[in-house]
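can't give you the sequence, but here's the structure:
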């Protein structure tokens, strides 16, 4: 059975330890979307083809689709440093270390602003 248009939508941040870049997207199934971005399933964004493996570092929701798209647009307008500040220095964020040396670092996985596990 397919998803309904009323299913919740989520905004997510991906991070590539290969390219040290972020990608922000929306999906009603972020875990499945990550498989697409990493080339395991068909359908990832062109931007993410070169940075595999991608890791989900933040998920926020649940939104109506239009609200998720507006939130994605607002987050994409942030510069790189403001995105890092959002992820690291947010009041909800349990990280205490700085985000300076990302390559090879273990990134925390968040869901709705709550720490889940480290990948």
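Noted; the coordinates are in hand. Because the structure is predicted, anything quoted here is derived from the model rather than measured. Numbering: from 1, shown residues only.

any weak-confidence spans in the chain?
1-5, 89-119 (pLDDT under 70).

Would you tell me which helix is longest in it?
helix 65-76 (DSSP state H).

If we go by neighbour counts, what in it is buried?
Residues of helix 65-76 classed as buried by neighbour count (16 or more other CB atoms under 10 Å): 68, 71, 72, 75. C-beta coordinates here come from the backbone N, C-alpha and C atoms, glycine included.

what's that helix in contact with?
5, 9-11, 13, 24-26, 28, 60-61, 63, 83, 86 (CB atoms under 8 Å, 6 or more residues apart in numbering).

can you count the residues close to the nearest residue to residue 52 once chain neighbours are set aside?
Counting by CB to CB, 6 or more residues apart in numbering, residue 38 is the residue found nearest to residue 52 once chain neighbours are left out, at 5.2 Å. Around residue 38 there are 18 other residues, counting by other CB atoms under 10 Å.

ok, now the one 4 residues further on?
Around residue 42 there are 7 other residues, counting by other CB under 10 Å.

wouldn't residue 56 be in contact with residue 34 here?
Yes. Here residue 56 lies in contact with residue 34, judged by CB atoms under 8 Å, at a distance of 5.5 Å.

Which residues are in contact with each of those two?
12, 14.

I'd like to know the phi and psi angles of residue 13, please.
Note on residue 13: backbone dihedrals following degrees, to the nearest 10 are phi -110, psi 130.

Not counting its neighbours along the chain, what's nearest it?
Residue 13 sits nearest to residue 58 (CB to CB, 6+ apart), 4.1 Å away.

Could you pull out the buried residues of the helix or strand containing that neighbour?
Here residue 58 sits within strand 55-63, counting by DSSP states H and E. Using 16+ other CB under 10 Å as the test for burial, strand 55-63 gives 55, 56, 57, 58, 59, 60, 61, 63.
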